[in-house]
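Asks: Using only what follows, build the 3D model:
(one chain, ligands or ions: 1)
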Amino acid sequence: MSPKRSNTGLVSNFFSAVRPSTKEGRLAPPNNKYSKAFSSSSPFLATTSLLGKVAIVTGSSRSIGASVAKCLGEHGANVVVNYVNDAKAADEVVQAIRSQGKGGAIAVKANAATMEGSQFLLDEAIRTFGHLDILVLNAGIMGSRPLAEVDESFYDSHFDTNVKAPLFMAKAAAPLLSSPGGRIIFFSSSLTTASTILPNSLCYLATKGAIEQISRVLAKDLGSRGITVNTISPGPVDTPLFREGKPHNVIEAIAKQNPSRRLGEPDDIAPLVGFLASQAAQWINGQNIRVNGAFVV
Ligand SMILES: NC(=O)c1ccc[n+]([C@@H]2O[C@H](COP(=O)([O-])OP(=O)(O)OC[C@H]3O[C@@H](n4cnc5c(N)ncnc54)[C@H](OP(=O)(O)O)[C@@H]3O)[C@@H](O)[C@H]2O)c1
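Replies: Residues are numbered from 1 along each chain as shown. Model prediction:
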């Protein structure tokens with residue numbers, strides 16, 4: 001059985017699917033296979049269970065990605081835990097998921113910053129679990145240089161890892177994702193809308209701005225197949241990516257900008273991914289959701 005599905009003609013299908021009007025002139029409730037995909041006896045009992053779903057989380061051996069992988073596994077999903085360097089850490093995430101006795105998990109070494117690595121992850125997910133429902137594009141890098149120090153290789157490394165690879169992985173995943181019900185979740189940053197940004201955030205924030213726009217447009221495209229595409233934008237989260245190169249006093253000062261006077265933790269972010277991946281979030285599409293404890297309001 002081929003898991004591939006066609007991804008063409010989506011926009012024209014959407015506009016040609018005109019819904020009938022009621023006597024009052026309002027559109028009748030949609031009555032198509034997408035609207036019924038998750039029907040239950042009550043709309044308020046839509047489930048957040050991910051039992052039987054298959055998820056890939058890029059960059060999930062530690063930090064936010066690891067927490068997301070564990071969260072999805074705890075909701076019942078089978079998870080592909082991806083890493084490049086730290087096989088031991090990835091195995092610990094896999095064991096944590098398996099020990100819950102809900103979802104399954106495998107660790108896959110692949111460079112998610114490349115097209116080949118991304119394709120390998122998709123192939124391994126399908127080979128192991130047979131299908132794909134959820135793609136979380138978490139892997140990213142955050143270098144720190146002001147304009148005068150930005151060179152071509154610094155720029156390219158950021159755009160290759162944070163924009164090009166996720167875009168083409170989403171493209172390769174689109175025909176494989178369950179339809180309806182598929183989920184793509186991108187990662188941006190609350191800094192894209194913060195006033196207090198440093199000049200050396202230039203390339204990092206340029207890539208995150210691109211991701212937010214990619215996510216908006218893809219939601220319109222893939223939404224016609226019942227696949228949602230959303231972006232999560234954390235505020236400062238206590239991970240190696242955030243701490244790298246920052247003196248202690250700067251980290252303290254950033255933490256104090258939050259009303260809770262602390263940094264976010266990966267576990268503060270993961271539950272939103274679990275929710276967006278679920279049936280209960282089927283009507284949340286094309287959104288950029290900031291998760292930052294009011295660091296940016
Ligand atoms: N931390 C924050 O304050 C913050 C705020 C806003 C947004 N974000 C976004 O959240 C995402 C995760 O950030 P984080 O702070 O959790 O990062 P992190 O601490 O650097 O962790 C990165 C994870 O990704 C893996 N990884 C790195 N490059 C990879 C690659 N090319 N292919 C596959 N895996 C790769 C690492 O695996 P190995 O251990 O094997 O290298 C590790 O598991 C990023 O997109 C970031 O921009 C973070």
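Asks: Spell out which residues of this structure are next to the ligand.
Replies: 58-65, 82-86, 89, 111-113, 138-140, 142, 161, 187, 189, 234, 236-237, 239-242 (C-beta under 6 Å from any ligand atom). All C-beta atoms are positioned from the backbone trio N, CA, C, and that covers glycine.
Asks: from those residues, which would you call buried?
Replies: Listed as buried from the residues of the chain next to the ligand are 58-65, 82-84, 89, 111-113, 138-140, 142, 161, 187, 189, 234, 236-237, 239, 242; burial here means 16 or more other C-beta atoms under 10 Å.
Asks: Now, the residues of the chain next to the ligand that are in strands?
Replies: Among the residues of the chain next to the ligand, the subset assigned to strands under DSSP state E consists of Asn82, Tyr83, Phe187, Pro234.
Asks: and of the residues you listed, the nearest to Ile126?
Replies: If you rank these by distance to Ile126 using C-beta to C-beta, Asn82 comes first, at 14.5 Å.
Asks: Report the contact partners of that closest one.
Replies: In this structure, Asn82 makes contact with 56-61, 65, 90, 107-110, 112, 121, 139, judged by C-beta atoms under 8 Å, 6 or more residues apart in numbering.
Asks: cutoff 6 Å now
Replies: For Asn82, the contacting residues are Thr58, Ser60, Val108, Ala110, Ala112, Leu121, taking C-beta atoms under 6 Å, 6 or more residues apart in numbering as the criterion.
Asks: what are the bridge partners for it, then?
Replies: Legend: beta-bridge partners of Asn82 under DSSP bridges are Val108.
Asks: again with Thr231
Replies: Applying DSSP bridges to Thr231 yields these beta-bridge partners: Phe186, Asn288.
Asks: how about the helices in the stretch 151-297 of the chain?
Replies: Listed in chain order, the helices found in the stretch 151-297 of the chain under DSSP state H, counting those that start in this stretch are 152-159, 165-173, 202-222, 240-243, 248-256, 266-276.
Asks: Any chance of a markdown table for these, columns mean pLDDT?
Replies: Below are the helices of the stretch 151-297 of the chain laid out as a markdown table (pLDDT from 0 to 100):
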| stretch | mean pLDDT |
| --- | --- |
| helix 152-159 | 98 |
| helix 165-173 | 98 |
| helix 202-222 | 98 |
| helix 240-243 | 96 |
| helix 248-256 | 96 |
| helix 266-276 | 98 |
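Asks: And those: which comes nearest Pro180?
Replies: For the helices of the stretch 151-297 of the chain, the distance to Pro180 is smallest for helix 202-222, at 10.2 Å, taking C-beta to C-beta.
Asks: name the helices or strands packed onto the closest one?
Replies: Using 3 or more C-beta pairs under 6 Å, 6 or more residues apart in numbering; DSSP states H and E as the contact criterion, the elements in contact with helix 202-222 are helix 152-159, strand 228-234.
Asks: Setting the sequence-adjacent residues aside, check what's closest to Ala165.
Replies: Closest residue to Ala165 in three dimensions, ignoring its sequence neighbours and counting by C-beta to C-beta, 6 or more residues apart in numbering: Ala113, at 4.9 Å.
Asks: Check the contact between that neighbour and Phe159; I expect there is one.
Replies: No. At 10.3 Å, Ala113 does not count as touching Phe159 under the criterion of C-beta atoms under 6 Å.
Asks: Report the closest residue of the stretch 101-250 of the chain relative to the ligand.
Replies: Ranked by C-beta to the nearest ligand atom, the top residue of the stretch 101-250 of the chain for proximity to the ligand is Gly140, at 2.7 Å.
Asks: Walking through the stretch 1-150 of the chain, point out its helices one by one.
Replies: Assigned helices in the stretch 1-150 of the chain, in chain order: 10-16, 63-74, 87-100, 115-129 (criterion: DSSP H, counting those that start in this stretch).
Asks: Tell me which of those is the most buried.
Replies: When you average the neighbours per residue for each of the helices of the stretch 1-150 of the chain (mean count of other C-beta atoms under 10 Å), helix 63-74 leads with a mean of 27.
Asks: The closest residue to Thr228 other than its chain neighbours and Gly226, how far apart?
Replies: Using C-beta to C-beta, 6+ apart and skipping residues adjacent in sequence, the residue nearest Thr228 is Asn285, 4.1 Å away. Between Asn285 and Gly226 the distance is 10 Å, computed by C-beta to C-beta, to the nearest Å.
Asks: hmm, back to that, may I see the helices and strands packed on helix 202-222 organised as a markdown table, with distance to Tyr204 added?
Replies: Rendered in a markdown table, the data for those read as follows (distance: least, C-beta to C-beta, whole Å):
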| stretch | distance to Tyr204 |
| --- | --- |
| helix 152-159 | 6 |
| strand 228-234 | 13 |
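Asks: just the ones you listed: most buried one?
Replies: When the helices and strands packed on helix 202-222 are scored by mean count of other C-beta under 10 Å, the highest mean neighbour count falls to strand 228-234 (a mean of 24).
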